[in-house]
Every structure is written in C-alpha cells, then in structure tokens.
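[1] Below are the sequence and a predicted model for it; my questions follow.
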Amino acid sequence: MAGAMDAPAGTAEGSRPLRIAVIGAGIAGLSAAKRLKERGLWRGLASDVQVTLLEARDRLGGRIRTEVFGDGAAVDLGAAWVHGASKQNPLLQMSKACGGKLVKTDWDNCILFEATGTTSESPEAKRLDEAELEEVEELHTHLMKLFQAKQSADRKAAKKGEGEDQSLMTSLRGLSSKRFKGMDHLDQRKRLLLLSQIAAETDQDYAATANELSSTWWDEDDEFPGDHCLWKDGYVSLINYLAQGLDVRLGTPVVKIDFSVPSHLTLHLSGGEQIDADYCICTLPLGVLKHHHESLFHPSLPDQNVDALRRLGVAAMEKVALRFEESFWEQMAPNVHCIYRMPTQEARRAPTALEASFCVSLKHVTGSNVLVVYYVTDTARHMATLEEEKLVPSTLALLQSMFPDMPEPLEVKRTTWDQDPFTCGAYSFNAVSCSSQHRLHLRSPVGLEGCPKRVHFAGEATSDRFPSTVHGAYLEGRRAAQEVPQLRAKLRDLGLDDQGIRKTLVERLLAAGRGLESSVAVSLQAPAVQFIVNASVGRMARVVGVRAGQLWVLGDFTGRSSGLDPLSGKLLWSSSSGLESISHTAVVPGSDLVLCASGWTGNVSAITGESACWSLDADVGEYARVAWSPASNLAIYAGGGRVHKVAGVDSGGSLRYCVDAGIGAVWSLCSSGSRVVCGGSWSRPEHTARVASLDAESGEVLFSSDPGVGRYIVTALSRDGGVAFCGGENGMVTALDSATGEVRFRAESSVEEVWHLEVTEELLLCSDPRRVSGRSSPPAFGSGDCDPRDWAGAGSFENWDSQGLFFEAAELGGPPVAALPASEAAAAGRS
C-alpha cells in the first residue's frame, strides 16, 4: 500500500518535497516536528518539506499524560515538573506562550513519617523525631563528602581508561573515616534512616536504587537554576501548543524501520501499511528500544548504538492519584506540599510491602483536594503488575497509617508505565558502567555505509546534559531536527561548511586537488559583483555566513547584527547582538546559534538571526575570542587583554566556569574533542609566549608551557583533540600531547611566520601573508620530524584575504601547487 508520504509515480526526488517522518508524539517528537516545520530552518535550503508525526497511542504526549478529575482539576500522571524554572529553560518561555501557569513546589514544606509494619496490608507510621533526623542528616552530609572525593578520583581515572565502575551503593558501603566508621557499623535503625536519606537523592530523583546507579557517573547530569514547578492545568497545555499545525497520525504504531536501500527508508506500520521517507527521527522511549531494537531496525543497529542501549538503565516510577472531599493532610500541617515516609524496619523496604517513599499534595497547585502517591524502583515494578482491586486498598492503608481519620476517596487514578508496551518503563539513568558518553552513542544517526544517515534519534535518553527531564527531551528533538543530512547537503551545495561558513582557501585547494566537490569549482569561477549595500552595522562589518537563507553580518564597532538577502543584498532586518562591540564569533554546528565575544568588555552573547538569545558578563576581559566545544556543549570564551581569563558558557547562557589559563592574554583559541587550547600573544611584561591546554567541560588547566615558536601563538587541534599544534612568529611548529604537554615534534614550517594553522585528514597546513606550506599528518602525528610536502607561492601577495589566490590544482603529494595573485590569474584569463 502506498504511504501518505510517497511521491507520485515518476516524480524525481529533486522535484518532490523532502519527506521526514517523526516516530513518537511525545515532547521530543513534537519538538522535532515543530522545528522541522519552521521556515527559518529551511529558507533557501529546501523548497518544500513534508513532516509526518506517527504516534502509536490514540493521544499525544507520550510519557506526558494529563488527566482531569470530576471537579475539573488536572493531574499529570507522567512527567509533571518543570525542573529549573528560569529564563535559561525553554519550557518557561513556552509556558508563557501557551498560557500555562506554573506553581512552585516547596520540598522543605513537608511532613516526615517513620514507616513501620511488615506487610502491605498492615503498614504503620508515626512522626519522626527531628533531633534524630538531624543526627542522620549530619551522617549523610559527611558520607557524601567522602563519596565526592572518591567520585572525583574515579572520574579522572576513568578518563585515562583506568579503574572499573561499580554501583553507587557498593562505593558508599566502602567509605569510612575517623568520624564515620562506615554504614555497616551503624545500628539498624540509623542505617535504615541513612538509607532513606540516600534514597531521597537516588530513588526519588532517578527512580533507580543506589544498587543500580553508576558510582562514577551518578549525578553527572546538568540542571537549570530556578524552582521546581507543576503546571496548574497540566503539561497538556504545552503538548497542545506544540502540536498546533502539525500533521499527526494517531493510533499508528511503527513495527519496523527499514533503511536497507540507499535512496530512502520504509516504515512498516502495525496494520500492514508502508510509508517511504527520506529521513526519520525516532523518539521511542529507551525501554521500547531496549526491548524491541532487534526486530524494529533493518539492518540491525550498529554495535555502538546497541552497546549504549545495553548499558543505559530504565527507571521505574508509578503514581496513584486520589481526590478527596477535603485535604485532611493539611490538618497536620497547613498548606503542606510533600509527605515523606522513611522505613525503619527492613520489611518495609521489600517491593511486596508496597511502600511509597513520598506523596505530593496538589491543593496549592490546582485548588483540588488531590494527593499523588509515588512508587519507585522495584516497588513500582511490582505495583504495575497489580490489579486495581489489590492496589487501591494497599494505598489507602498506607495513607490511613499516617492519617487515621482519612475519608474514602471520591476518585482514584493509577499508572502502569512499566507494563505499557509503548513505554516499557519510566525514564533513563546511568547504570553501572554507563556514562553520558553512551547517550551520545545512542543518538548517533544510522544508515548504510557510504550513504546519508537516514535514521536519527532523540529523547530524554539521548540527552547528555539533561536526561530524564522534559526540557532535555525538548532540546533533543530540536537537535535531531537540525542534524538532518539534507540540510548539510544543501549547505555544501552553497559552498558552506556545517557551520554555514564559506570554506577557507586551503580547504578549497584540498577539495580541488582531489576533485571532490563541484561547489569548489563554482567558488573559483570569475568573480562578479552581486551587490554593494549598506549593511547597517557600522564600521568593520564581519560576515558570519549564510544562515537560514540569509546573509548574516555583524558590526565590530557597534555590536549590531543584520540579515541580508544573499542574492539581492536587500536589508531584511537589523538588530542588536546584545554587545556594544564584537571581536570574534563562532557558529554552533548544526544550528543557527552564533556566539559573539566583546572587544571592549568581558561580555559575551549568543544570537539566532535578529534575536539575541542571551548576553552576560563572563569576566574574561576585553578583546575576547570564542570557540565552540561540541564534546562539552559549551561556548569557550578567552580574553585577549588585561584580564585574560577563560570561561565556559552553556548554550542557554549559564556560566559554567571562569579560570586563569596562566598564559596572559589569549591570542588564539581552539577546541576539539574534550580539549581547549589557548595561545599567548603580546610582548607586554605581564603576557607570555606560552600555550595552555584545558579540559573543556570543567575548565581544569592541564598544562601551560613554552612551545618554542615565539610570540603571537596560533593553535590547532587534531580532530580527536589529542594533539595540540602551535605556530608563531619564528616560523616553527610544535606538536604537543594535549593532556600532558609532552612534545611530539618540533620542525620548521617553511613559512617565515606562522599566522594560521589548519588540520585536515592528511595535512597540517601553515600560512603567513606570503606562503602556504603543508606537512603530512599521519593519524599518530609521529614522535619526530614529519615527511614534509611543502607548497610555496610562485608569486607573493600582501594579504590573501583581500586579494585572494589562484590555485593550480594538483594531487596531494605531487608537484608543488602554484599560488598566484588574483590579478595575475585574471590577466592570464583565469579566475
């Protein structure tokens, strides 16, 4: 049967819409589909894009599920909170756009009970003694300080490939000090209370026990600042807002994703229908992928993706929501938000005891007398298997043990996420031997070798920064939408790289020499003036490149930004970058986010077209540089003046660190892999001719040394970030181990002064205003001199940026490539 996305018979691929299927209408799927439908993403890059959203259920939302009680009050039985309700969190802005009201949860406004009893039918409870609880909290604080020291050491060892991960509980049980003899030396009551304190940070936060969680990589995730808030009218407000204008097919389970042919992929539906598409974004939950990936994908997923699925854990969380005639729990503590139960008998920790670790009151959120009882980990898995006739009496008995005069509920709603075939559990967590790196492996696109990667992945489980959260899933949906290969192919057709920046002359030379890209031939055709216009950005205009079908221009002296029609030069918009001046820019790959650094202050900003996303004082000083670190998802800023610090800022505008690299003013900055390398610059006494390497994620300075290349050091990194190359005013080039500073080699570059370094797959290229030279760069980059393949200019020129070059293409390793001034080339009838 022909699918809805199939092109008519005989239609050429180039003349039909680009077909993209999104599997799953949860927050990640809706986010991806919404992004794919935004005109700004495709302007000038695709004439028409057809996006179809396929959802197995008969409703939208996925693991977001809002239901309504008889009194009209909403309750979220799936994801419920906005974690970190601050301006950095995209959900906050969307809550305003969709008219949703967020209500803060005060976790400290609570009642604590001691849970006793032996079975689910006979739970008991009494209020905890505050003095005893404070004593246990002090033990917990001391234990976690011991653990943090161990975890820090374990992470450093793991990054070196040393050590072996274990469960968080194994680590905690092995810790002791003079003050704390160890968990096993506590009496049973204190030990159980301490376990409850630990569970508040594991079971309740991650819906996984300390026995399941990785010790090394627990709590690796990031978070936005701000309060934890619930939606007054439920998350459905956001779901409906995102779904507006989308082509959604409900009740359409996908049972197979077949990408076995080069030209397209085919989605097989449960009813026998087939849908062809050019690309798909799969947002199925981790639990579904773990259970069904072998039958779902043809060909099978690569080992890297499968290994990630095996390592990541699936959490378990279930809820029972009850509405009463009155909020009887507030008689004990008015306007209470949370109720906690801490077992002091081992029997209450058994899954069959159906112990609930906490309850949340919705009285302050919706005004309704609703109490939501939370079950987690193995208890949740057991609870999901029970019929309602068994579960509800057990839940009522648990509540009655705390509130003896409790009335019968008016309504009860419950979940079974662990048994739901479309979820197979709750959300993801880092299990033993799993880190955020495996989330990156999970989201790696797949396809036939040598063909476009047609299957892409998104969801909370693919987020290395914000896993297990709605905002993490939302951001992942947008990320997957932006990496669709067709966009990259269109960028290359325009002669641009993934960042939307026109290729450098060196890259054009390499491409022409290999005959790889037709776009290079276009870029070397005879120049013709297309337009001359005032970009309205003041003096020293900086061209960023073609982004979203527009030519973006920034003004160094004014901090203004403009968008021009790339064909006519018509001014489309003019706005502020959020800075008073701009000294350097970088573009986040696969996105429209442009990072800007100020020339006069330590301020930095990020823009997407005419909108300034954020700006802040990063305290790096004037004449700043900026680079994007994909491995850490951070913008790295470095000051080139008197303050000269290095800062890491995340894509939401939050400052992660600000450190002194120890080299004085920073002249050059680059990032690759997990490394950031800075080169020193001026001849002032307080500045140095040194180079420093930093860990991109933490800002830790790994080394600072003199590479022996003179002042004004320029830097480059190998693609994996393992080797740092440095060049300077004396024409020497030094290669250093980026982790230790050990010299790999030092050699003459064959240019008088090294003004620029560039690393390609096979070459290390050096240039000054007169010459270009290249040295072979084998994968290991050698430990001594490299076999040079030198290129020298046949004619000299003053400034290649203004006058340009003409390259006579040659095979790499063949005869020297001629570099002539553009004027001489034009006189020879070439251009």
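    Looks like it came in fine.
[2] neighbours around M406, how many?
    M406 has 17 neighbouring residues, counting by other CB atoms under 10 Å. Where you see a C-beta, it was placed from the backbone N, CA and C, and this is true even at glycine.
[3] same check, this time on N240
    14.
[4] tell me the contacts of it?
    When contacts are counted by CB atoms under 8 Å, 6 or more residues apart in numbering, N240 touches L60, C98.
[5] Only the C-alpha atoms, please, for the helix or strand it falls within, written as CSV.
    Element membership of N240 [criterion: DSSP states H and E] is helix 236-243. C-alpha atoms of helix 236-243 as CSV (Å, rounded to 0.1, in the frame of the first residue of the first chain):
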residue,chain,number,x,y,z
VAL,A,236,-1.2,19.0,28.2
SER,A,237,-1.1,22.8,27.8
LEU,A,238,2.4,22.6,26.3
ILE,A,239,1.6,19.4,24.3
ASN,A,240,-1.4,21.1,22.6
TYR,A,241,0.6,24.2,21.9
LEU,A,242,3.5,22.3,20.2
ALA,A,243,1.1,20.1,18.2
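[6] So which elements touch whichever helix or strand comes after that helix?
    Using DSSP H and E, the helix or strand that follows helix 236-243 in sequence is strand 247-249. Judged by 3 or more CB pairs under 8 Å, 6 or more residues apart in numbering; DSSP states H and E, the packing partners of strand 247-249 are strand 49-54.
[7] what's the angle between the strand it packs on and helix 236-243?
    140 degrees (axes from the mean of the first three to the mean of the last three CA atoms, to 10 degrees).
[8] what is the nearest residue to A638 once chain neighbours are set aside paired to in the beta sheet?
    Leaving aside its sequence neighbours, A638 sits nearest to V666 (CB to CB, 6 or more residues apart in numbering; 3.9 Å). For V666, the beta-bridge partners under DSSP bridges are G680.
[9] what number of residues lie near V666?
    V666, neighbours per other CB under 10 Å, totals 28.
[10] gap between it and G641?
    Distance of V666 to G641, computed by CB to CB, to the nearest Å: 9 Å.
[11] cool, and C670?
    Taking CB to CB, one finds C670 at 19 Å from G641.
[12] List the residues that contact the residue nearest to A638.
    Contacts of V666 by CB under 8 Å, 6+ apart are R625, A638, G639, G640, H644, V646, C678, G679, G680, S681.
[13] Next, format the residues you listed as a markdown table and append distance to L289.
    Output for the contacts of V666, formatted as a markdown table (distance: CB to CB, whole Å):
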| residue | distance to L289 |
| --- | --- |
| R625 | 41 |
| A638 | 40 |
| G639 | 44 |
| G640 | 46 |
| H644 | 47 |
| V646 | 39 |
| C678 | 41 |
| G679 | 44 |
| G680 | 48 |
| S681 | 49 |
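[14] got those residues as a markdown table, with neighbour count columns?
    As requested, the contacts of V666 are exported to a markdown table (neighbours: other CB atoms under 10 Å):
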| residue | neighbour count |
| --- | --- |
| R625 | 23 |
| A638 | 30 |
| G639 | 30 |
| G640 | 27 |
| H644 | 27 |
| V646 | 27 |
| C678 | 34 |
| G679 | 29 |
| G680 | 29 |
| S681 | 24 |
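[15] one step back: find out how far the helix holding N240 is from the centre of the chain, if you would.
    Here helix 236-243 is found 23 Å from its chain centre; the criterion is CA atoms, centre = their mean, to the nearest Å.
[16] which of the residues in that helix are buried?
    V236, S237, L238, I239, Y241, L242, A243 (16 or more other CB atoms under 10 Å).
[17] what helix or strand is W218 on?
    Short version, using DSSP H and E: W218 is in no helix or strand.
[18] Give me the nearest residue to it, chain neighbours excluded.
    L168 (5.0 Å).
[19] Return the distance of the one you found relative to R381.
    19 Å.
[20] who's more crowded, these two?
    L168 (28 against 18).
[21] how much space between the more buried one and I607?
    For L168 relative to I607 (CB to CB), the value is 41 Å.
[22] Where do the strands of the stretch 51-200 of the chain begin and end?
    66-68, 74-76, 81-83, 102-104, 110-117, 123-127 (DSSP state E, counting those that start in this stretch).
[23] Which among these is found nearest to G472?
    Among those, strand 81-83 comes nearest to G472, with 9.1 Å by CB to CB.
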